[in-house]
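Asker: coords please:
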Amino acid sequence: MMKTAILHYSVPPVIGGVESVIEAHANQFIESGLPLKIIAGRGDISALPNGVEFVRISEIDTLHPEIVAATNLLNIGKIPDRFEHLANRLADKLRPELKEIDHLIIHNVLTKHFNLPLTSAIFRLIEEGVIKHMLVFCHDLTWSSPNSRSKVFPAYPWNLLKTTQKNTTYIAISQKRQDEIVETFCLPRLEVPIIHNGVNAQTLLALSDEGTSLIDRINLWAADLILFMPVRVTEAKNIEYAMRVTAALKKLTINPKLVISGPPDPHDISNMKYFESLLLLRKKLSLENNVHFVFESGPDPKIGFQISQQVVSELYRMADIMFMPSLREGFGMPILEAGLLGIPIVSTEVPVVQDLQINDALIFSKDLAPSELSDQIHAWINGKPEHRLRVEVRQNLTWKALFERKILPLLAEDSTL
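Answerer: Got it, this is the predicted structure:
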C-alpha cells in the first residue's frame, strides 16, 4: 500500500484556507483506508482526523524565530549567513520522515517565499532521491503576485520558486493559477492539472452518518435531477405515474433519480401487491438505477428499511424537486415542508395548494401525459443556472469526488494502492 505525506507550514487548529484544504484531503485519505503522515511546523494532532500520523518540525513554521530572521533579510535581497545551516538542518530532520514515503504532497512551499530554507531543503531531498514523487499544490505564487513579487530576486535561493524538479507535478487550484504556473515554470499547459477546492457536502447539507450512507448506496451524488416523494407506498400517491415521468426524463439524456421515502404496509396484502407491481414496472421501464424505494435500500436489501423524520429531512435537502403527483390527498403536508426548505414543488392540485393559493409551484393536471410533464420539468432545469451549478458541485466538486477522480489517479500512476 502506498505511503503518502502532506507537508505545509501549519495545519489545524491553525485557521487558514490551505489548512482547511489539508484537513479535507486528510479526511479522504483516512476514509479511503490509506495511511497518511502530516508534517508541519505548527498544528496539533487533536485537530486532525483520527488515524493520521502527525510530525512537528518547528523550523517548518514560518513564525519560527530563526526563519523569521532569515526571511526578513531574504525579502530585501540579502542571503543570511545561516541560510545553508538552516536548510541543512531542515533536510536532516525531514530525511528520516520521508525516506519511506512514496508520495509527498506539498502546499505552497515550492511557490511562496515564506520559508526559503525549507524550499532549499526540499530540493536537496529530491536530488538525493529521498523524495520520490511530489504533488505541489500551488495556491499562490510569489513570482506572479503583485503583492510579493518585490521580495524575490533572479538568483539562488529565490529562483527555486520558479525552478521545476523531476518527478514533480504542479497542481493549479484554478485556471488563473494554471496560467501563472505555465508562465512561471515554462511548463506545457497539459502537464499542469487543475484540481479545484471542494465542499464538504455532509456538513453543508447537515447529513447524518445514516443519511449519508443511504445517499451513497443509491448514489444520489451522480444524479442530474433528484425527484423526492416523501410519502408511503399507497395507490393514492400515484407512484407509477412518477415512474413514467422518470422514464420520460431519462429519454431526454439526463440521469434522473426518483426517491420514495416511505414503506409499503407489510400487513396489507393489497398494498404489498401494489408495491410488487411497482417493482415490476420499474424493471419493465429499465429504471432499476433511477427509481429508489428507501424501504429496499437499507444496508441489507432483504430487510425492509425505514428511516426517521431526521433522515427524511436530509433527503429533502438533497432533492432538486419535491414531487407530488397524488390522485387523492386530505391536505398535502410535504408542500409545506418543501416550502419551508425552499425546494421547488411539482404537484397535482392537492388541497393545500388550493387553500394557500400557491402559484409559484409547477401545478399539473392528473390527466397530463408523463412525457409532457417531463418536458416541462426539463425546460425548468434548463432555465435555472442555480440548478446547473448545484448539479456540477454535487457530481464533481465534493471533496470525495475530487479525491477519487483527481488526486488518487495522480498518486496511483506509479504505486499500487
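Asker: scan the helices and strands of the chain for the one with the lowest mean pLDDT.
Answerer: One helix or strand of the chain scores below all others by mean pLDDT, DSSP states H and E: helix 351-355, with a mean of 86.
Asker: can you give me the buried ones in it?
Answerer: With burial defined by 16 or more other Cβ atoms under 10 Å, the residues of helix 351-355 counted as buried are 352, 353. For every residue, glycine as well, the C-beta is placed using N, CA and C.
Asker: use 705 as the first number from now on
Answerer: Fine by me, first position is 705 from now on; the one you just mentioned is helix 1055-1059.
Asker: how about it as PDB, C-alpha atoms only?
Answerer: C-alpha atoms of helix 1055-1059 as PDB (Å, rounded to 0.1, in the frame of the first residue of the first chain):
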ATOM      1  CA  PRO A1055     -56.000  20.800  -1.100                       C
ATOM      2  CA  VAL A1056     -53.100  22.800   0.400                       C
ATOM      3  CA  VAL A1057     -52.300  24.200  -3.000                       C
ATOM      4  CA  GLN A1058     -55.900  25.500  -3.300                       C
ATOM      5  CA  ASP A1059     -56.100  26.700   0.400                       C
END
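Asker: ok but residue 875 is inside a strand, no?
Answerer: Yes - checked against DSSP: H, G, I helix; E, B strand; the rest coil, residue 875 lies within a strand.
Asker: show residues contacting whichever helix or strand comes after the least confident helix or strand of the chain.
Answerer: Counting by DSSP states H and E, the next helix or strand C-terminal to helix 1055-1059 is strand 1066-1067. Residues outside strand 1066-1067 that contact it (Cβ atoms under 8 Å, 6 or more residues apart in numbering) are 1048, 1049, 1050, 1051, 1052, 1053, 1057, 1080, 1081, 1084.
Asker: between those, which has the most around it?
Answerer: The residue in the contacts of strand 1066-1067 with the most neighbours, by other Cβ atoms under 10 Å, is residue 1081 (25 neighbours).
Asker: show me how far the strand or helix carrying that residue is from its chain's centre.
Answerer: Taking DSSP H and E as the definition, residue 1081 sits inside helix 1074-1086. Offset of helix 1074-1086 from its chain centre (Cα atoms, centre = their mean, to the nearest Å): 29 Å.
Asker: as a whole number, average confidence for that helix?
Answerer: Helix 1074-1086 carries an average pLDDT of 95.
Asker: and the next element down the chain from it?
Answerer: With elements assigned by DSSP H and E, the helix or strand that comes after helix 1074-1086 is helix 1089-1100.
Asker: mind saving the C-alpha coords of that next one as CSV?
Answerer: Written as CSV, here are the backbone C-alpha positions of helix 1089-1100 (Å, rounded to 0.1, in the frame of the first residue of the first chain):
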residue,chain,number,x,y,z
PRO,A,1089,-28.5,28.3,-13.7
GLU,A,1090,-28.5,27.7,-10.0
HIS,A,1091,-29.7,24.2,-10.6
ARG,A,1092,-26.9,23.5,-13.1
LEU,A,1093,-24.3,24.8,-10.6
ARG,A,1094,-25.9,22.6,-7.8
VAL,A,1095,-25.6,19.5,-10.0
GLU,A,1096,-22.0,20.4,-11.0
VAL,A,1097,-21.0,20.7,-7.4
ARG,A,1098,-22.9,17.6,-6.3
GLN,A,1099,-21.4,15.5,-9.0
ASN,A,1100,-17.8,16.8,-9.3
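Asker: for residue 1041, grab the count of nearby residues.
Answerer: 17.
Asker: now do the phi/psi pair for the residue of the chain most remote from its centre.
Answerer: Largest separation from the mean C-alpha position in the chain: residue 785, at 45.3 Å (Cα atoms, centre = their mean). Note on residue 785: its backbone torsions stand at phi -60, psi -30 [degrees, to the nearest 10].
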